[in-house]
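> Here is my input, please return the structure:
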Amino acid sequence: MNTTHHGHDLRSLTNRIIAVIDDAENAHAAVETLERVGIPESEVADLSGPEALHQVDAEGAHSGGLTHALRAMQSLHIEGNHLRRYESELASGHHVVDVHVHVGGDWASIVQVLRNHGAHFINAYGQWTIERVAA
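Predicted coordinates:
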């Protein structure tokens, strides 16, 4: 399965829950379940393959201008560590599921769906916070 991103970009991690799922079957099932429980298709992405690696671009090597500068700043913080981990997981053939969550959204239900489908390294990114939900 290749990246299904529905217009997502990972320039900013704000208002997202991002998780790693090791296999395509569980990643696909997680996305389908999230959509069934009311998360719009446009708000969920199953990232995998070379396109996803290019999109995560933890060091900003494939990005221009603003994204390159943002990645440079992120590299100094925990976000940079997380982006490098997502790249590593993708390079190992795993999937990264990215869910855009609006303020006031049901973060707990999203996390539960992801856990039910074998997700790990689950992180919730708020406006000014990062919460590690599962290792």
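> Rank the helices and strands of this structure by mean pLDDT and give me the bottom one.
None of the helices or strands of the chain scores lower by mean pLDDT, DSSP states H and E than helix 65-74, at a mean of 54.
> Next SSE downstream of that one?
Going down the chain from helix 65-74, the next helix or strand is helix 78-91, by DSSP states H and E.
> Give the next helix or strand downstream of that following helix.
Assigned by DSSP H and E, the successor of helix 78-91 is strand 95-100.
> Could you list the low-confidence segments of this structure?
For the chain, the stretches flagged by pLDDT under 70 are 1-11, 57-77, 135.
> Strands of that one, start to end?
In the chain, the strands defined using DSSP state E lie at 16-21, 44-47, 95-100, 120-125, 130-134.
> and Ala19, bridged to which residues?
Bridge pairing for Ala19 (DSSP bridges) gives the partners Val97.
> Same check on Ile130?
Tyr125.
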